[in-house]
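>>> structure, please.
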Amino acid sequence: MKLSRYSARRLHLLAIPTAAGICIGAVISVLISPDPTFRTVLQGMLCGFLIGLSVFYVEYFILDRLLRMSVWLIIVSRTVIYIMGIVLSYIVSDLVVFGAGGLIADLEQFLAQSVAISMAAILVVMFLINMNRLLGQKAFIRLLVGRYHRPVMEQRIFMFIDLSSSTALAEEIGDIAFHSFLNDFFFDATRPIVECKGEIYKYVGDEIIVTWKMKDGLKDGNCAECFFLIEEAVAALEGRYREKYGAVPRFTAGLHCGTAVIGEMGDYKREIAFLGDVLNTTSRIQSECKARSRRLIISDDLRNELSRAGEADYALESLGVIALRGKKREMELFSVSR
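The predicted structure follows:
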């Protein structure tokens, strides 16, 4: 049976924490055991596998609820959940490998030797994860290592996602409720973006600007697939939106590719900024969605790149050669559906 792209991505994401858990569990079992044997290493690997499995489950099935809490509550909740997961994983792995005979003694030794280290490691990881979320995907690491301290030019794909009829909705439900509506939509759009290897560059009012390195956006048609996965995510939560706000997010998007200049900007509120005509053109392409009653429009440049990569597995409708607002160069645009 052939897996869908969505299922394949899920399996790929599952493989990362479980494989890491197996390797780390084997190493720790050797380091803390005075006389490591095959069975102690096997127990460490099984424990690591179960911890990795619990990390995947928490991050992709429970964390959606936690992320809507304040940062300190997220850290406390994650810490408690992960400590419980570590202890339960150890108990299960010890029972499987050694049986129930020495479980109590083994557990006491494990708690004495490993829980403090595990708690410290969890707090460090939680700090790094939350810094990464606050500054943006990969931005924290890039700022630390100075990846874009000097401006560089990269081939990039950009997608501008814009909510439809947002002004009317804000007037209808009020500013506070509309802020909550936007926040819910941004949260619900995040996972499909990340699963399609996109990076959230910026939130601008009711817009999300997403970017990909060229190879990541072209692979498996990630840049276009992302739009449809967001649609699916929102459709699955339609009942919640209607009950809470009396409306469901409707949105359109424009996609384009080209050269962008990337570099650090500012001092106290430093960020990694993307500059170039490719962003302006993508914004203009997105604005054509409303004028032409289309959900997703891409440029001819991006269509050609997808075709060369063998990833143009979508229904494309030419909208003709169009003079975009404020642009001298005319461009053929395509509506995308699947």
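>>> A helix includes Y90, no?
Yes: Y90: assigned to a helix according to DSSP: H, G, I helix; E, B strand; the rest coil.
>>> so it makes contact with C47?
Yes: Y90 lies in contact with C47 (CB atoms under 8 Å); the separation is 5.3 Å. The way it works is simple: take the backbone N, C-alpha and C, and place the C-beta from them, glycine included.
>>> so between the two, which is more surrounded?
More crowded of Y90 and C47, by other CB atoms under 10 Å: C47, with 29 against 25.
>>> residues of the helix or strand hosting the more buried one that come out buried?
Assigned by DSSP states H and E, C47 falls within helix 38-57. In terms of neighbour count (16 or more other CB atoms under 10 Å), helix 38-57 has its buried residues at 40-56.
>>> can you show me the strands along the stretch 1-150 of the chain?
Assigned by DSSP state E, counting those that start in this stretch, the strands in the stretch 1-150 of the chain number zero.
>>> low-scoring stretches of it, by residue?
Scanning the stretch 1-150 of the chain for pLDDT under 70 picks out 1-14, 16, 59-60, 63-71, 100-147.
>>> H149 and D267: what is the separation?
H149 is 13 Å from D267, where distance means CB to CB, to the nearest Å.
>>> the more surrounded of those two?
More neighbours surround H149 than the other of H149 and D267, with 12 against 6 (other CB under 10 Å).
>>> from what I can see that one touches M265, true?
No: taking contacts as CB under 8 Å, H149 lies outside contact range of M265: 11.1 Å.
>>> between those two, which contacts overlap?
With contacts defined as CB atoms under 8 Å, 6 or more residues apart in numbering, no residue is shared by H149 and M265.
>>> please name the residues that touch the residue nearest to H149 when sequence neighbours are not counted.
Nearest in space to H149, with sequence neighbours left out and distances taken as CB to CB, 6 or more residues apart in numbering, is E264 at 5.7 Å. By CB under 8 Å, 6+ apart, E264 lies in contact with 143, 148-149, 270-273.
>>> helix/strand/coil for E264?
What three-state DSSP gives for E264 is strand.
>>> beta-bridge partners for it, please?
Counting by DSSP bridges, E264 is bridged to I272.
>>> E238 contacts A247, doesn't it?
No: counting by CB under 8 Å, E238 sits too far from A247 to count as a contact (10.1 Å).
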